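**Student:** I'd like to go over a predicted model; first the sequence, then the structure.
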Protein chains: 2
Amino acid sequence: MQYMPVTSSMFLLAETREQPMHVGGLQLFVPREGQSSADLAEEVIEAFSSCSEIHPLFRKRPAPPVTILGNVAWTYDDEIDFDYHVRRAVLPRPGRIRELLRYVSLNHGTLLDRNRPMWEAHVIEGLDDGRVAIYSKIHHSIVDGVSALRLLQRMLTPDPDDRSGSAPWDPTLIGKKRPRPAPTLRSRIAGIADAGLQVAGIAPAAAKVAVAGLRKPGFVPPVPRAPRTILDVAIGSARRFAAQQWEIERLRAVADALDITLNDVLVAMCSGALRSYLIEHDALPDSPLIAAVPVSMHTEDDSDGNAVTAIMVDLATDKPDPERRLNSLVTSARQAKNVVRGLRPLQALALGAANFAPLAFATVPGFVQYVPPQFNIIISNVPGPSEELYWNGARLDGVYPVSIAMEGLALNITVTSSAKHLNFGLIGARAQVPSLQRLLTHLDTALEELEKVARVR
Amino acid sequence: MQYMPVTSSMFLLAETREQPMHVGGLQLFVPREGQSSADLAEEVIEAFSSCSEIHPLFRKRPAPPVTILGNVAWTYDDEIDFDYHVRRAVLPRPGRIRELLRYVSLNHGTLLDRNRPMWEAHVIEGLDDGRVAIYSKIHHSIVDGVSALRLLQRMLTPDPDDRSGSAPWDPTLIGKKRPRPAPTLRSRIAGIADAGLQVAGIAPAAAKVAVAGLRKPGFVPPVPRAPRTILDVAIGSARRFAAQQWEIERLRAVADALDITLNDVLVAMCSGALRSYLIEHDALPDSPLIAAVPVSMHTEDDSDGNAVTAIMVDLATDKPDPERRLNSLVTSARQAKNVVRGLRPLQALALGAANFAPLAFATVPGFVQYVPPQFNIIISNVPGPSEELYWNGARLDGVYPVSIAMEGLALNITVTSSAKHLNFGLIGARAQVPSLQRLLTHLDTALEELEKVARVR
């Protein structure tokens, strides 16, 4: 038995059936020359299930009894029931991306079993384009989004001829220095997971630190209070997942032309898309939406992903003109970043905690209905691999984050980069965020608008 | 909004993530002449998803907020998100029954979303024998096992040429008098679901009634206290499901030769199988296991399944000789039945409640560890259809109950009859009941032993 850090406890305590606290990833692989998708799927299942040694991260589980001790201590299993944790799935015809997203939607809404190591890996075949998908699901008390992505990438290699493909839980991989993903985004500030959620539960104590830290001279409250929207509601457990990728070069061209960061362009895409979506549902508030954008406090070398905070960005969704919206949003983001830059790491962390504190109360029935939100959505950007990667010669063709929808935060947008693309993963509460797929169209339209503003198209 | 009966509330309140309170059914269909399994699956999906009117039973859901009002009142949705509730699944190769049971195992361990009508129907193709399976999952607060089975059967017809196949939630079906399943079992006492669970939560009040009723002269306490076994333990949410059918004629031959009931034979099979299983795990207790066998208090005509009680049967698992075990078990069952027969319905119901009362405390952490069990397993027998039935010409080839494993009751055996078979469905807590499939072999061996005792083989 081993006591867990408070950040892990908080994710376990904040979890309800309506608000599962696991993060996911959807990876798509192109089989190597001459290999069928069924063969690749079998190869992955075989490698994943035949690992004789398992890294402790994948063997730990809440200590029994799970409802009491399980919230504060870990225990370790010696063996893994691979038949349960590693699942083989086949999509129904016609096997479009639509069927794949549906599979992820349905599986992301169910809780992990707390009486065993809290992760699952689903190897999915049946895509009509011949690719094989791996949907993985791991509890946020075990890893944050950045660490999860790193884990997934450790099993990959830039060498297409390497045939030593293993499982993410192979302890020899986790020890080894595999190629680390280089931050592909120019903005140092941009690079962190849905890790804002990390601090979601560290309520009163951390908030006090924050208040102390922020009373120092020169502190400017980051943004005005967020308006009520259709996204700040109580939610059910059912989810809907949507995903799409855009070429990094398109966003970079806009960023370069306007001398803003890639992350600014990404957030502006979200802003434009949210505005269109809310107008479509006749639900655009008069005042602008506020987004929480998690910010990494990592140094280059540390390996776990707990040092995070968040800045609050005014999305300027009240402005119809794309150019004025972009300018307003970039100004807001810069001001918020300057606040974070001026703070020492602990203060910045505490600022994040203060901003996220109300989330800790989201599981109190009725809480979200009566307390105005501090922000309307979390928009995260997780740096992914900057080069082409392979598993046993199968090329990684896309990696989409599947994050967490919460009480009061019915929609989450998380983005991760791969060699040439930005991969958007949208997770929404199924009943509360209707027509989630429409947001993909709106994101595309928003990017086109920004390209016009930047005159690069 | 509509207040719900206390029996419904109890199933909602007793539910935890380790102890989901939904019942399931697995139906297998043989496509009609010339029809592929994919075509049949598509036909079912189409019929299930295109129902314009939905019976209120399938539209009701716990009233919001679900954690408070949702435990005592129902609300009704106008529309159904069929894309969520009706799911199409494909089994991975080689598509044996093993892959089908695995699918059911993995899906039966996850909670239903309380923020929408609490049911799912999974239409499953990919079986190598060309059959199509329908796995359905419905919360026990909505229906008990008997009613669930009736619902499923209402969409079927004895006419193989009938092409009006519809969905179980088609309100015109539920109004209509479709052929009702006739009890195929000779024992009137045999016929009820996992309905013992029905009374699981009606703790102190009902228990008092029971005590009052049972103090009447002539009352004999049904059986001695149950021993501790490896089945009376705290459980996780993961499940394992096993299923197999045996010809009714084989059991009837034994029953006729020995002048006992078909249900006696069925319970004796379970007894023999449990004995072998426990020996295999070096865990056979010295004193005999006690089974709770739910007993119907239904009259011929009533239609809802709430009037149930249970008798406690000494399974005589301590006796190595099959003949002595059978005799002992039949005597115990007869005595227990006589107690029930001598009671008026309310008293019998209360007797059931008294026997099941400790279950209500099973969700209190540590409770199952410290309180000795009153019984070790629930063995239920649900009468199914007595004739061949069809859906759009596709013949129903088997219908297996998928019941509930609980804290302290890690294994449940539920049996249902179809035209020529008894279909056994075994649901067990995955980590706590290892090698569940072995029980199927042991059931088969036990039947062979009984056939030898009866000299019919």
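**Tutor:** Received, thanks. Numbering: from 1, shown residues only, chains lettered A, B, ... in the order given.
**Student:** pLDDT value on whatever residue of the stretch 1-150 of chain A ends up closest to chain B, please?
**Tutor:** As assessed by Cβ to the nearest Cβ, chain B sits closest to A:N115 within the stretch 1-150 of chain A, at 2.8 Å. Every residue, glycine included, has its C-beta placed from N, CA and C. In the predicted model, A:N115 carries a pLDDT score of 95.
**Student:** around it, count how many other residues there are.
**Tutor:** The number of residues packed around A:N115, counting by other Cβ atoms under 10 Å in any protein chain shown, is 24.
**Student:** number of nearby residues for the closest residue to it other than its chain neighbours?
**Tutor:** For A:N115, the nearest residue in space outside its immediate sequence neighbours is B:G236; the separation is 2.8 Å by Cβ to Cβ, 6 or more residues apart in numbering or on different chains. Using other Cβ under 10 Å, B:G236 has 22 neighbouring residues.
**Student:** in what helix or strand does B:G236 lie?
**Tutor:** In this structure, B:G236 is located outside every helix and strand according to DSSP states H and E.
**Student:** helix, strand or coil for the nearest residue to A:E451 once chain neighbours are set aside?
**Tutor:** With Cβ to Cβ, 6+ apart as the measure, A:R457 is the residue that lies nearest to A:E451, at 3.8 Å, once sequence neighbours are left out. Three-state call for A:R457 (DSSP: H, G, I helix; E, B strand; the rest coil): coil.
**Student:** so for the longest helix along chain A, what gets flagged as buried?
**Tutor:** Ranked by residue count, the top helix of chain A under DSSP state H comes out as helix A:322-342. Along helix A:322-342, the positions that meet the burial threshold by neighbour count (16 or more other Cβ atoms under 10 Å in any protein chain shown) are A:322, A:325-330, A:332-337, A:339-340.
**Student:** so what's A:T229 closest to, chain neighbours aside?
**Tutor:** Distances taken as Cβ to Cβ, 6+ apart put A:N376 closest to A:T229, at 5.2 Å, once the chain neighbours are dropped.
**Student:** name the nearest residue to A:G130, ignoring sequence neighbours.
**Tutor:** The shortest distance from A:G130 to any non-neighbouring residue, by Cβ to Cβ, 6+ apart, is to A:S37 (5.0 Å).
**Student:** is it true that that neighbour touches A:E125?
**Tutor:** Yes: between A:S37 and A:E125 there is a contact at 5.1 Å, judged by Cβ atoms under 8 Å.
**Student:** looking at these two, which is more packed in?
**Tutor:** Using other Cβ under 10 Å, the more surrounded residue of A:S37 and A:E125 is A:E125, with 25 against 22.
**Student:** follow-up on the earlier one: which ones are touching the residue nearest to A:G130?
**Tutor:** Residues in contact with A:S37 (Cβ atoms under 8 Å, 6 or more residues apart in numbering or on different chains) are A:P31, A:E125, A:G126, A:L127, A:G130, A:R131, A:V132.
**Student:** now A:V72
**Tutor:** A:V72 makes contact with A:Y3, A:M4, A:S9, A:A63 under the criterion Cβ under 8 Å, 6+ apart.
**Student:** after the helix or strand harbouring the third one, next one along is what?
**Tutor:** Pointing back at A:S9 there. Secondary structure here is read from DSSP H and E; on that basis A:S9 sits in helix A:6-13. Of the helices and strands lying after helix A:6-13 in sequence (DSSP H and E), the nearest is strand A:22-30.
**Student:** okay, the angle between the helix holding A:S9 and strand A:22-30?
**Tutor:** Following axes from the mean of the first three to the mean of the last three Cα atoms, to 10 degrees, one obtains 90 degrees for the angle between helix A:6-13 and strand A:22-30.
**Student:** which residues of chain A lie near chain B?
**Tutor:** For chain A, the residues found near chain B under the criterion Cβ under 8 Å from any Cβ of the partner chain are A:16-18, A:38, A:64-68, A:81, A:83-84, A:87-93, A:102, A:106, A:109-111, A:113-116, A:125-126, A:234-238, A:365-366, A:430-431.
**Student:** before we move on, back to that, shared neighbours of A:S37 and A:E125, anything?
**Tutor:** With Cβ under 8 Å, 6+ apart as the test, A:S37 and A:E125 both reach A:V132.
**Student:** dump stretch A:395-404 to CSV, restricted to CA.
**Tutor:** Presented in CSV, the C-alpha positions along stretch A:395-404 are these (Å, rounded to 0.1, in the frame of the first residue of the first chain):
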residue,chain,number,x,y,z
ARG,A,395,2.6,4.6,-39.3
LEU,A,396,0.8,6.7,-36.7
ASP,A,397,-1.6,8.7,-38.8
GLY,A,398,-3.4,10.7,-36.1
VAL,A,399,-3.7,10.9,-32.4
TYR,A,400,-6.8,12.5,-30.9
PRO,A,401,-7.3,13.4,-27.3
VAL,A,402,-10.5,12.3,-25.6
SER,A,403,-10.9,14.4,-22.5
ILE,A,404,-13.4,15.0,-19.7
